[in-house]
Structure formats: structure tokens, C-alpha cells
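Asker: Build me a model:
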Amino acid sequence: MPVLRLLCLANSRKLGGQCIAGLRLDNGRWIRPVSDLSDGTLYPRHYILNDRSSPQLLDVIEIGFEGPKPGPHQSENWLIDRTRWRLVRRPASRQEAAMMWSHVTQGPALFGNCEDRVPEGANVSHSLTLVRVQNLRWRITSYGEKRKTRALFRLRGAPYNLAITDNIVEQGLRNLEEGIHPIDSAPGFSPNQEVLLTISLGEPFEGNCYKLVAAIIPLS
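Answerer: Okay, the predicted model is just below:
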């Protein structure tokens, strides 16, 4: 049962729990810890760290695993064991954080196309990537009582409109009215802020796997 250190690049909502992902420090590859539940969702009993905090973006954390458990559209999944997760460093060192740059997708396509989804039957080799953007805006909509927060940006000219599952950003935007808003409408972001987005491919839903903005990392 391997114990691996990873650079946390996503801690986002998933079906009432969380989805956490990052880069392995030993080989630089993406990894998505999953539980033994049918959908792999993580709950506090799985991910609370030894200091009683939750994993944060750019943390270095240590996790015990049973081994790889790839899904049909999520090849990076690994099954966690029952040991407590450990915080190694907050934030990561400059050298550790630098491994992000080799995983930035230039675009314009993400996971094979420029849409907000990938057909369930598509042959996709990976389900996590990073993109670097400077033109991010927020779009707030509602359907009945359900509020939706989306990210609008362009990648080499291709427009994207993707659902946000980053809990912290969603909370920061909770008081905005419906419509399109500049990036500095969210706490912690400045006008024309450049950011890294962690894009995750969700599990199949009604014949498609949707592209999700699982984390938004401001760049200084």
C-alpha cells in the first residue's frame, strides 16, 4: 500500500462530498484520490488532515492508497486506504509548485474538443488538466431555486462556459445577482487577474462527461 505525497490542485464539491486531485511529487503525474463508495466521493472522514484542517490549494499532503482504481473516463483515480491524511507543507515550496507548468494545456481544445462536454463514448486518455487564462468572468444563473455559477473564458480564441465546483469561489460569489460579472467581483481577485484553472472531466451524466472548473488559482 503506497504512501504518496501530492500537490493539491483541486478540492471541489461532488454529490454532497468532495473531489480532491493533484500532482504526485514522485513522478509529477495527476492523481485523484477516491473512496470505496460506489461513486468514489470523499467525505470529511476520508480527507480531514492530521491537523484537523481540510486540504487547501497548493498544500503538500501525504495520503495512503490501496492502489490504482481507474474509471472509464477518469484514468487518474486511486483508491485511498484507511489511514489519516497528513499535511506536509502549507503552502508548497516554489520548486514543488513549479511542476504545475508542465501540465498547462495550451488549447484551444480541452479533452479533444471545444465544447463544455465530451460524449460518454469518446476515447479520452486523461480527465485532469490546467489552463492559464487572463480573461475570466463569472456567470450567475438560476433554474427555479437552483443557483449555478459558471466560468467564462477564452483559450486561444475558443470560448468556454464551464460549471464551477470550487467551493470557496462559489461561496465568494453567492451574493451576486444573475448576469455576467468581472473577475474582481470575487474576494481575493484583482481586475485582469491571471489565473490557473484546474479542469476536471466529470463522471458520465445522461450520455456526456461535463468539463468542470474544479479549482481557480490566482497567479501573482
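Asker: right, and residue 79 touches residue 37 too?
Answerer: No - with contacts counted by Cβ atoms under 8 Å, residue 79 stays clear of residue 37, the gap being 10.4 Å. In short, each C-beta sits where N, CA and C put it, glycine included.
Asker: Name the residue in the two with the higher neighbour count.
Answerer: residue 79 (15 against 12; other Cβ atoms under 10 Å).
Asker: Mind pulling up the pLDDT for that one?
Answerer: Looking at residue 79, its pLDDT stands at 98.
Asker: got a list of contacts for stretch 99-109?
Answerer: Here stretch 99-109 makes contact (Cβ atoms under 8 Å, 6 or more residues apart in numbering) with 7, 9, 23, 25, 28, 30, 114, 129-132, 155-158, 196, 199.
Asker: quick one: buried residues of that stretch?
Answerer: 99, 100, 103, 105, 107 (16 or more other Cβ atoms under 10 Å).
Asker: repeat for stretch 28-42
Answerer: 30, 31, 32, 33, 34, 35, 40, 41, 42.
Asker: Pretty sure residue 21 is one of the things the first one touches, is it not?
Answerer: Yes - under the criterion of Cβ under 8 Å, residue 30 makes contact with residue 21 at 6.6 Å.
Asker: Common neighbours of those two, please.
Answerer: Shared contacts of residue 30 and residue 21, counting by Cβ under 8 Å, 6+ apart, come down to 76, 128.
Asker: where's residue 89 relative to residue 2, distance?
Answerer: For residue 89, the distance to residue 2 (Cβ to Cβ, to the nearest Å) stands at 19 Å.
Asker: Likewise for residue 181?
Answerer: Counting by Cβ to Cβ, the gap from residue 181 to residue 2 is 43 Å.
Asker: swap in residue 80?
Answerer: 11 Å.
Asker: cool, residue 147 as well?
Answerer: 40 Å.
Asker: cool, residue 155 as well?
Answerer: Counting by Cβ to Cβ, the gap from residue 155 to residue 2 is 34 Å.
Asker: Ok, residue 27 next?
Answerer: For residue 27, the distance to residue 2 - Cβ to Cβ - is 11 Å.
Asker: again, but for residue 103
Answerer: For residue 103 relative to residue 2 (Cβ to Cβ), the value is 21 Å.
Asker: again with residue 182
Answerer: In terms of Cβ to Cβ, residue 182 sits 44 Å off from residue 2.
Asker: Ok, residue 29 next?
Answerer: Residue 29 is 13 Å from residue 2, by Cβ to Cβ.
Asker: One more: residue 119?
Answerer: 34 Å.
Asker: got it, and residue 163?
Answerer: 32 Å.
Asker: ditto for residue 125
Answerer: Residue 125 is 23 Å from residue 2, by Cβ to Cβ.
Asker: neighbour count winner among these two?
Answerer: Comparing residue 125 with residue 2 by other Cβ under 10 Å, the one with more neighbours is residue 2, at 13 against 7.
Asker: Not counting residues beside it along the chain, what's closest to that one?
Answerer: Nearest non-adjacent residue to residue 2, counting by Cβ to Cβ, 6 or more residues apart in numbering: residue 65, 5.4 Å away.
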